[in-house]
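> Structural data only, the sequence is not supplied:
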């Protein structure tokens, strides 16, 4: 090497420009196999649908108290539709939105609190309506 510099020549304005390569084209998404229309689904059926290993589903059961499949003979797990919907929500929070387990738990807890609050408001409105009807009946 003769005393030449290994740095690229500086542009006229004194600042280097960096460009990123164009983003890679997204791989064609493979759709999950459709869920069977059954009342109860096995852990294998659910794991295939969401492309999640069965041990991950068992781990999620420990981390998310809302998720509770029915356990039958031989400790076999059977998921109801509400469990499958919850798994879809958990999967979305963790994989698509990039939340941690703790973050997903907080979101689900706040969803549950909002749901409880909405139910209590609806119940309160219903009770007020019934009490007003009783008051009208008493006055008549």
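Received, thanks. Nothing here was measured: the structure is a model prediction, and the numbers come from that model.

> Which helix in this protein has the most residues?
Looking across the chain with DSSP state H, the single longest helix is helix 101-139.

> Distance from it to the middle of the chain?
24 Å (CA atoms, centre = their mean, to the nearest Å).

> For it, list every residue counted as buried.
If you call a residue buried by 16 or more other CB atoms under 10 Å, then helix 101-139 has these buried ones: 104-105, 108. Just so you know, the C-beta spots here come from the backbone N, C-alpha and C atoms, and that holds for glycine as well.

> what's the answer for stretch 42-56, then?
Neighbour-count burial for stretch 42-56, with 16+ other CB under 10 Å as criterion, is recorded at 42-43, 45-47, 49-50, 52.

> Return the residues in contact with residue 86.
Residues touching residue 86, when contacts are defined by CB atoms under 8 Å, 6 or more residues apart in numbering, comprise 64, 66-67, 108.

> Output the contacting helices and strands for the helix or strand of the chain at the bottom of the mean pLDDT ranking.
The least trusted helix or strand in the chain, going by mean pLDDT, DSSP states H and E, turns out to be helix 101-139, with a mean of 80. For helix 101-139, the packing partners by 3 or more CB pairs under 8 Å, 6 or more residues apart in numbering; DSSP states H and E come out as helix 81-91.
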